[in-house]
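Peer 1: Sequence and predicted structure below; questions after.
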Amino acid sequence: MKIKFILYKISMWLPSPFRRTLRSFFPQLARSVMPGIEILDAKWLSDRQKLEDSFSRNKVVTYSDTYDFIFVSPLLPTDSGIAEIAPQMIHTFSLYGRVAVVCAYLERDSKIENDVFTPNCMSTLVKQNPNAQILYVIANGKHYYRSIELLFDFPGTVLLHDVNISGIPNSSSYGTSDDFGLCQLSNARKILVHSIHAKKLIEKTRTGKNYKVEVLPLGAPIRKLSEATKPNESSAILISTIGYAEHSKDSFKVFNTFVDLAIRNKDWQFAFVGRVHKEWLLDWQQKIRLLGLEDRIHFPGKVSDDNLLQWIDRSSLCIQLRVQSNGESSGALMDIIGRFKPVIVSEIGSFVEIKCDSVHKVPVGVAQKAIVRLVEELIFEKQVHRSSSLFDKTKQYAQSRTFESWFKDLVSRLR
C-alpha cells in the first residue's frame, strides 16, 4: 500500500496524458489510493464552527453507511465569495438525504494544506453507493485539480463557478487556451453554470459545444443573524465594498471613489470588508493618513460570517465592480441582495441578468467621477438607504430566489 501511495504521488506531477496512460495500465493504483480525502457526515455540520472542528478532530465516517449524495469540493473556504456556499450546500444536502463530503484539500488561512488526511478509497465509496449522485464543485484555482482528478475516474455533475479553469495545473495538456481548460470536464454528465453568459462562453469553445450545459442562477442566502431591519432616518451613511480586493474587481477605483466621497461628505463612513493585499493596504492607509481620513475609511479585513452580515446591514449602499467576467456569480453580491441592500455593480457577465430594482448597473470601466455622482444621487436624491418601498421590493426579489430554492432546483437536476 505504501509503494502504491508513493507511485501515486509521483504520478500526480506527470503531464496529464501520462497520468491517464498510467491509469489504463494500473487502474487499482489510480482508484485505491487517493490522498487528502475524508468522508464526513453532514449531521455534524450544523454550523461553520462545527464544520471546522470536525476537520480539526479528523473525524471519519466509515463507508459501511449508505449515502444519497457524494459532494466533492475543496474545503474549507475562509473568505466571503462564491466558494463560501460550500458549507451551506453541505448543510442543505442533509435535508434531502445522507451526504458523503469528499475533501480533496483543506484550505485554512489561504494556505493550501495538501494531504492533511489519511487516504480513503473513493472507488469503495462509489461501489458501495452505486445510486448516489456525485456533485463536483469546480472553479479556477490550483486547489481544484484534485476534484478534476476524481472526475476522470468517477463521472458526475459539475457545478462550475468559473468557466475559465485554465489556471489548474496541467490544463495545457488538454488543448488550447481557447478551451478555457474545459477539456478536463469531458467526463461530466452535465455542467451547471450561473448565467446564460457562462453557458454561451462554453458553447463557443471547441470542446464545450459538445457538453450538456444548464443554467442555474445562484440564489440569495437569507441568513438569520438577525432580522434585516428596515432603513430609518437616523442611520449614519456607510458605503462599503464586500469581498476580496482584486484588480478584477477594480478595487483601486473603488478606493479612490471612497476617498473622493469622504472629502466631499464629511460625515460619511466607508469600509473595505474583506482581504486586501498587504502592499495595497499599506499604500492606501498611508494615503488616508495624509488626508486625515483614517477614522472614516475602514479595513476590517477578513471577518466571520456573522460580522460580514453586520457590515452589510450597517451599509447604506455597496459598490461591487468588475472589469472582467466569465459569467460567474458573486457570493458577496448574493449576500448583499439577501440582506435587501442597494448596490452598484458593473454591467457585465451574470450581473447583467439580475433584474432587481436595488441593483444599479454601470458600464465596465466607468469613470470614477461618474460613480461619485451616482452614489451621491442615490443617497441624496433617491435616498435609496431610507426607502422602505425599495427595501420591500428587494426583499420580495430575494425571497423569490433564495439559496434554498436554488438548492432544491440543484438537487432535482442531479436525479
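Peer 2: Cool, the structure landed.
Peer 1: Quick check: closest non-adjacent residue to residue 212.
Peer 2: Nearest residue to residue 212 in three dimensions, chain neighbours excluded: residue 190, at 4.4 Å (CB to CB, 6 or more residues apart in numbering). Heads up, the C-betas are built off the backbone N, CA and C, glycines and all.
Peer 1: Please name the bridge partners of that neighbour.
Peer 2: residue 157 (DSSP bridges).
Peer 1: correct me, but it touches residue 155?
Peer 2: No - if you go by CB atoms under 8 Å, residue 190 and residue 155 don't touch, sitting 10.1 Å apart.
Peer 1: ok, which stretches of the stretch 201-350 of the chain are strands?
Peer 2: For the stretch 201-350 of the chain, applying DSSP state E, counting those that start in this stretch gives strands covering 213-215, 238-242, 269-273, 297-298, 317-320, 343-346.
Peer 1: Residue 133 is nearest to which of these?
Peer 2: strand 213-215 (14.8 Å; CB to CB).
Peer 1: Could you give me the buried positions within that closest one?
Peer 2: Within strand 213-215, the residues that count as buried by 16 or more other CB atoms under 10 Å are 213, 215.
Peer 1: Please shift the residue numbers so they start at 14 in all later answers.
Peer 2: Okay, using 14 as the starting number, the last item reads as strand 226-228.
Peer 1: Against which helices or strands is that strand packed?
Peer 2: strand 203-206, helix 209-217 (3 or more CB pairs under 8 Å, 6 or more residues apart in numbering; DSSP states H and E).
Peer 1: ok, 10 Å please
Peer 2: strand 170-173, strand 203-206, helix 209-217 (3 or more CB pairs under 10 Å, 6 or more residues apart in numbering; DSSP states H and E).
Peer 1: which outside residues touch it?
Peer 2: Residues outside strand 226-228 that contact it (CB atoms under 10 Å, 6 or more residues apart in numbering): 170-171, 173, 176, 201, 203-216, 340, 363, 366, 422, 426.
Peer 1: which of the residues you listed count as buried?
Peer 2: Buried, going by 16+ other CB under 10 Å: 170-171, 173, 176, 201, 204-208, 210-212, 214-215, 340, 363, out of the contacts of strand 226-228.
Peer 1: Let's have the strands of the stretch 214-363 of the chain in JSON lines, adding mean pLDDT and distance to residue 300.
Peer 2: Shown next, in JSON lines, are those (pLDDT from 0 to 100; distance: least, CB to CB, whole Å):
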{"stretch": "strand 226-228", "mean pLDDT": "95", "distance to residue 300": "42"}
{"stretch": "strand 251-255", "mean pLDDT": "96", "distance to residue 300": "17"}
{"stretch": "strand 282-286", "mean pLDDT": "96", "distance to residue 300": "13"}
{"stretch": "strand 310-311", "mean pLDDT": "97", "distance to residue 300": "9"}
{"stretch": "strand 330-333", "mean pLDDT": "97", "distance to residue 300": "18"}
{"stretch": "strand 356-359", "mean pLDDT": "96", "distance to residue 300": "22"}
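Peer 1: Dump the ones you listed to TSV, plus distance to residue 115.
Peer 2: Listed next are these as TSV, based on distance: least, CB to CB, whole Å:
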stretch	distance to residue 115
strand 226-228	23
strand 251-255	30
strand 282-286	31
strand 310-311	39
strand 330-333	32
strand 356-359	34
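Peer 1: ok so, going back, from residue 216, how far out is the residue nearest to residue 225?
Peer 2: 13 Å (CB to CB, to the nearest Å).
Peer 1: any common contacting residues for those two?
Peer 2: 224, 226.
Peer 1: Dump the helices and strands packed on strand 226-228 to JSON lines, plus distance to residue 355.
Peer 2: Putting the helices and strands packed on strand 226-228 into JSON lines (distance: least, CB to CB, whole Å) gives the following:
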{"stretch": "strand 170-173", "distance to residue 355": "29"}
{"stretch": "strand 203-206", "distance to residue 355": "27"}
{"stretch": "helix 209-217", "distance to residue 355": "23"}
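Peer 1: Tell me if I'm right that residue 197 and residue 151 touch.
Peer 2: Yes - Residue 197 lies in contact with residue 151 (CB atoms under 10 Å); the separation is 8.7 Å.
Peer 1: any shared contact partners between the two?
Peer 2: Contacts common to residue 197 and residue 151, judged by CB under 10 Å, 6+ apart, are 157, 158, 160, 161, 164, 171, 178, 181.
Peer 1: Go through those residues and name the one nearest residue 86.
Peer 2: Among these, and counting by CB to CB, the member closest to residue 86 is residue 160, at 6.7 Å.
Peer 1: wait, isn't the closest one in contact with residue 83?
Peer 2: No - the pair residue 160 and residue 83 fails to qualify as a contact (CB under 10 Å) at a distance of 11.6 Å.
Peer 1: okay, and the common contacts of those two?
Peer 2: Listed as contacting both residue 160 and residue 83 by CB under 10 Å, 6+ apart are 115, 149, 169.
Peer 1: Give me the lowest-pLDDT entry from the residues you listed.
Peer 2: For the shared contacts of residue 160 and residue 83, the weakest pLDDT value sits at residue 115, with 72.
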